[in-house]
Structures are given as structure tokens and as C-alpha cells.
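**Student:** Following is a predicted model, sequence given first.
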Amino acid sequence: MKNVKKDIRFRVYVTFTAICLFGLLILWKAADIQAREGKELRAIARDLHLRADTLSAERGSILTEDGHMLCASIPEFDVFLDLSIVPKDTFNKYIDTLSKGIAGILGKESAAGYKKKLTEVHNQKKRYFRLGRSIAYDQFQALRELPLFNKGRRRGGFIAESRIKRVNPYGMLAYRTIGLYREHAQMVGLESRYDSVLSGQKGSRILQKMTGGVMMPVEGTEIEPRNGRDVVTTLDLSIQTVAQDALMSYLQKYECLNGTAIVMEVSTGKIKGLVNLGRQKDGSYAEDYNYALTRAEPGSTFKLTTLYALLSDGYINVNNNVNCEGGAHAFPTRVMHDSHHGLGVMPIREAFAHSSNVAMGKLAYEHYAKDPEKYMKHLEEMGVDIKTGIDLNGETAPSVIKPGTKHWKTAATLPWMATGYGVLITPMRTCMLYNAVANDGKLMRPYLISAIKENGRVVKTIEPKVLKTLGDSNVIAQLKLCTREVVVSGTGKSIASPFYNISGKTGTAQVADMINGRWYGYKDRVYQGSFVGYFPSEAPKYTIMVMVRTKPGGGTIYGGSLAAPVFRMIADRIFSGGLGTWTGPLDSFARVNKKAISGEKAPGALYNTLLQQLGIRAGGTVDGGYMASLQADTTHRTVAVAKAPVYEGQVPDVTNMNLRDAVYLLERAGLKVRVNGKGRIKSQSIAPGQQPAKGQFIDLYLS
């Protein structure tokens, strides 16, 4: 028995000793780790409680030279509620006031409706109930100040998720040119080209997890973001609107596939208007593709380059005669025809004015068949084989068949190239060439951005650039004579104005290429009608290029019928605006007197005179100092005029106006505009005549 007890005691001692030794070993190992690896392990532990956080930079805005906002970033919020954390007595105390406040701010339901919904959410202890989606900043601020919500997330259950929304206040106007900003996706337009300027630089900070799981910034780790800079575009809103409405009217009239209109300032190369409209599946039109920068066979507008080459080499004078042979001429491999047969012997300038293919083809073949490289050098001098250099991405490269290549056959290629076939260039390049004639030979680089601003201060100015000077004064003078003849006696005479002179050239070409994702062959009979010109002829101010693609088998195909009238509509509005009497879109006139925002007082008769000059019958008169809203465009040749006074320091009456005019007036009054609905304006949230507070919001309700 003693031996058993002794044996048990021995085992207990051994076990106890082993446990003590194991404990000492643990303590020794812990001390060893603390001494040798403690610093590294403590750093790892801290890292588990730290997180790098990115601070977004505010994206810059796109502005016009006169300060209108074309594109800007605004914050918007999704608001959620976690009412499960709110005690019942607290909830009952605030529910009535809260419901009325939400109804007044969001306005989507009555106060009773919100009370019922919030009570159900609270009773069922639902978490993260969505109160509103895409809420504007001012609404978000008002919501967070409501009783209960002002207690924050942990006590009031108010949760907001924010994001930045990129908005174009003028909708489709210049939409393809301004472009679209999409994070982690392809961008287009100016948003893409100037992304590095607009985006700014992101900031950063370190967040540390505190008691309760709250992440707090670590002091001294924050690097502030650098907001993006603003870019100032050369676009003029009035000209852009006029060009869009004019082009749209003819696209709709003839159900065309697409079209583009370019307005370039002659002396600088600034693009004042750039419209690109394509027909959608539902028959509507939208800015879906940049047709101005897409290459195609130009047709007869290209005859200017042939005339330039012949004049530069001294082979012709535009008063020399050429035989158009009734509109048909047999070259060695095929017969060339004019669109209109019957032309005989006439001066070259008249053959150009009547767009004779035979005349231009014969002259080019006669003088360059033995040395086609000489002709090609003139095309290269005018830059038809390179991109325009405009500050937009996505321009397609030109294509020119050159002598010595497998596709060049002098007898077949040269005469047809001289009339605009066998070469692919963009409408923008064609606009540049005619602008050079208007600008006494100076070939200007087209551009869309004139300045870059930071915090309202100009930090960079983009100056006009002369790429080269074409020809001599005699060559340019003869080209001006020919382009003027087109509108005096040629294919463009239908758009001659009794109030100012127009110079230019029509063009018509049958096309075979991909249009809006579909291939059209010659059998589909799709045509491209163009008109490019400048005005006033004696002292050119603007060059306008209009190109329209017809629907398959369309009956109206010629540039003189499709594109030239659009040119005249745009030019009329710009010319009348240049008189200092009115500016704006086709369906409205704007004028303010000394008592209003700006400008000189003009007698009402001046408006009616202008309407008569434009061939419009006005159903009413307009006095100086009034906004006059026209209820029909020029295709109807008659309008009803309604007048409304505009005074500085007062909210104007914008009912029955179109949206663009209303936004312009209200922004000038210092208001921020919110739009509800579509169509013309039925009512406004702030009554006319009140004194607005700067930055105050006004809601417009459209029919």
C-alpha cells in the first residue's frame, strides 16, 4: 500500500514539474519573441487596423467663352434609413415632423404616406430601407437637418451614399463634341481628349480602426486631392443651337441617315458650332457619332483642289473657256458624265459654278496625265493626305490613291479624283480648305478649346495657328471669283441672299460604306449632299460646311437641295445676330434694353424688319427691351410673337418659352435651374417679379 501511494506521489511530482517547466518554456518563448520579433509583429498588428483611403478630385467643367456651363460635375446621393436603432419613444416623438419634412423635400408622397411607410419600417425593424435614389445635393442637405436625422447615423439611422454625376445642362446640344465621361469605360469628345486636364489628381489618407469598428483618419497622413481644371471651348451656344435646329429640320424632312454641320470662324479656325446627328431606330435623331471627322468621298466640293492646282501651275485662268461637250466625255477607259447634261463651251469659272465633271476631269487629264505626281503634290500641299489636327480624338485618317501604287490607273483615276472620287477626306478637312480661300490663303488649324482655367483664373491660352499659306494673291482671288459664281449663277443660286453675299460650292456623291453599323453599297443608292462656303463674301466672317447622307433611294440627293438650304438658314441667323439685334435659336429672338441686363434699346420696328427680311410673317409686334418667343420655325414662314418684359434683379416670366432661352435668362438672374418634363414651359416655382437670391433653385415644369 505504501508503495502504491509512493508511486502516485512520484507521478504527481513529475507531472507538476513538467507543467512548470512547460510554463517556463512558454514564458521564455514569449520573451524571446517579444525581444527579437516584437517590433515586426506590432507593425503587422497595426496594419490590420489601418486602411489606405483614396480622396477623389472634383472633375473640372467645360465652359463656353462667355461663361455658359456645357458640362459639370454635381454630387448626388442615395439615402437609406436604419430605424431599428431608434428607440420607440424617440421615433414616436419625431415621426409627424419627420414625415412632413420628407414630403416637403422629396415631394413623391404625402406626409401621411411617408408616416405610414416609416412606421412599418420601424415596427418591422428593417435595416437599410431606401428612402430616395439620386437625390440632389440641396435635398440631401435639407434631409440631414430634419429632426432625428440630424442625430447622425448611429442615433438617427440616417445613412447616405454619395457619388459624382456628370451632367450636360443643354442636353443633346453639342453632346458628341462635349463628350461623355464614364469611369472605367471609354470616353469620347472633349471629355476624352482633355481627360488629364479635367480629372485632376486624387488624394489619399490613412484610416485606423477604432473601438466600435469606426474608421478614423490618422492625423498627418492626408494628402489633399487637386481638383481638375476647367476647359473653355470655342463653341458659341447661339450658333450651335441654330446649326442643330437647321440641320435637324432637313434631316427630318427627307428622313436622311445622318448629317453634320460645322461653323468655323474664318480668321482663327475656332469651331463655333459642330453638329453631328444620326437617325435612330425609332426615327428620331441624336448626336450618336462624329460624322464631321469621318472620311468619305467628298464629291464636287473637291473640285476646288483641282482648280487650285491648275491655277498654281499657271495652266489656266478662270476666264479661259472649256468645252463641257454637252455633259459627256470619253476617257481612254470609261465615259465621264455631268449630273446635268447640255453644258457647252463656257468660262472655267462658270463650268465650276455649274459643277461640270467633264470640265474638271478634262483639265486635270490634259495637264497632269504625263506627270500625275505634280498634281498629287498640290493635294499634299493642301493637307488632304493627313489628319486635320483638331483637338478631338477619333478622327479617321484620309485615304488618297497615289501614282505608282497598284490602284492607280492614270486614265481612270486622275479625272475622277479631280471631281472628288478616289479620295477619302473628312468634312472638317473640306471646311478647312474653303476657309483658307476665305482667309486669303491662310490654312488654319481647327480647334475647340481656347483656354484652360484653374479656380476661375486662365492658366493657359490656346492661340490660333496658321498651318501654311496656300497659293498667291492671284490664285486666291480667282478661287474667290469661282466660289462666288456658284451662288450667283450656278448650282447654289437658290440660296442667294438679298442682304449679304455668299460664296461656296455644292457637292453630290454616291457613297458605298458603313453607315450606323450597316453596309450600304452603290445598289442602295445612298448619296451625300454637301454645301461648303463662307460669308459675307467681301469680308468673310464664318465658313460653314454642311453634309447630309440621304436615305436609300431618296428622291432628293443633290447638295444644292439638301445641304445648301441648311447653310442659308444658319447664315441668316448668324448674319442677323451680327447686326446686334438678336441672338438665339431658330424659334426665338432675345433682346434686352438698358433697364434689363445689357444691350442698347432698339425700336420694336427693327424686330419686325428683321422678320420680314428673313421671309417671316410676324403675328404681332415687338418693342425694345422684351423677350420675344416665336411659335414656329422658318419652314412655316409665319410666326406668332409673344412679348414678356425682362428686368434686372427680378425673376423673369419664362412660361411658354423654349428651355434654352429660359435657362439662359434664369442663369443670368443668378438662379439654378431644375427641369421637370419635356416640351415648352408651363409654369415656374418662383413667381415672376420676385427678387432672386443668388444660387437659389427654381423648378421649371414643362408640358
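**Tutor:** Thanks, I have the structure now. Numbering: from 1, shown residues only.

**Student:** pLDDT score for P603?
**Tutor:** We have a pLDDT of 38 for P603.

**Student:** With P217 instead?
**Tutor:** 67.

**Student:** before we move on, what about A644?
**Tutor:** On the pLDDT scale, A644 gets 55.

**Student:** cool, I449 as well?
**Tutor:** I449 carries a pLDDT value of 96.

**Student:** Leaving out sequence neighbours, find the closest residue to it.
**Tutor:** Counting by CB to CB, 6 or more residues apart in numbering, V231 is the residue found nearest to I449 once chain neighbours are left out, at 5.2 Å. C-betas here are computed from N, CA, C, even on glycine.

**Student:** does that neighbour have beta-bridge partners, and which?
**Tutor:** Note on V231: beta-bridge partners by DSSP bridges are I62, I452.

**Student:** Isn't it up against S196?
**Tutor:** No - using CB atoms under 8 Å, V231 is not in contact with S196, being 10.9 Å away.

**Student:** Between these two, which is the more surrounded one?
**Tutor:** Neighbour count, other CB atoms under 10 Å: between V231 and S196, V231 has more, with 26 against 10.

**Student:** mind listing what the helix or strand harbouring F77 pairs with, with the direction of each?
**Tutor:** For F77, the enclosing helix or strand under DSSP states H and E is strand 69-81. Strand 69-81 has these partner strands in its sheet, going by DSSP bridges: strand 62-64 (antiparallel), strand 129-136 (antiparallel), strand 158-167 (antiparallel).

**Student:** Would you mind listing the buried residues in stretch 691-700?
**Tutor:** Going by neighbour count (16 or more other CB atoms under 10 Å), the buried part of stretch 691-700 is P692, Q696, I698, L700.

**Student:** Can I get that stretch in PDB? Just the C-alpha atoms.
**Tutor:** Extracted in PDB, the C-alpha atoms of stretch 691-700 (Å, rounded to 0.1, in the frame of the first residue of the first chain):
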ATOM      1  CA  GLN A 691     -36.000  89.300 -56.300                       C
ATOM      2  CA  PRO A 692     -34.000  86.100 -56.500                       C
ATOM      3  CA  ALA A 693     -31.300  85.100 -54.100                       C
ATOM      4  CA  LYS A 694     -28.000  84.100 -55.800                       C
ATOM      5  CA  GLY A 695     -27.700  80.400 -56.100                       C
ATOM      6  CA  GLN A 696     -31.400  79.800 -55.400                       C
ATOM      7  CA  PHE A 697     -33.100  76.900 -57.200                       C
ATOM      8  CA  ILE A 698     -36.000  77.400 -59.500                       C
ATOM      9  CA  ASP A 699     -38.100  74.500 -60.800                       C
ATOM     10  CA  LEU A 700     -39.500  74.600 -64.400                       C
END
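
**Student:** what's the spacing between it and its chain's center?
**Tutor:** 27 Å (CA atoms, centre = their mean, to the nearest Å).

**Student:** again with stretch 66-84
**Tutor:** 21 Å.

**Student:** What is the lowest-pLDDT residue among the buried residues of stretch 691-700?
**Tutor:** The minimum pLDDT among those falls on P692, with 76.

**Student:** how about the buried residues of stretch 691-700 in TSV, adding distance to H122?
**Tutor:** Formatted as TSV, these follow (distance: CB to CB, whole Å):
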residue	distance to H122
P692	40
Q696	35
I698	36
L700	37
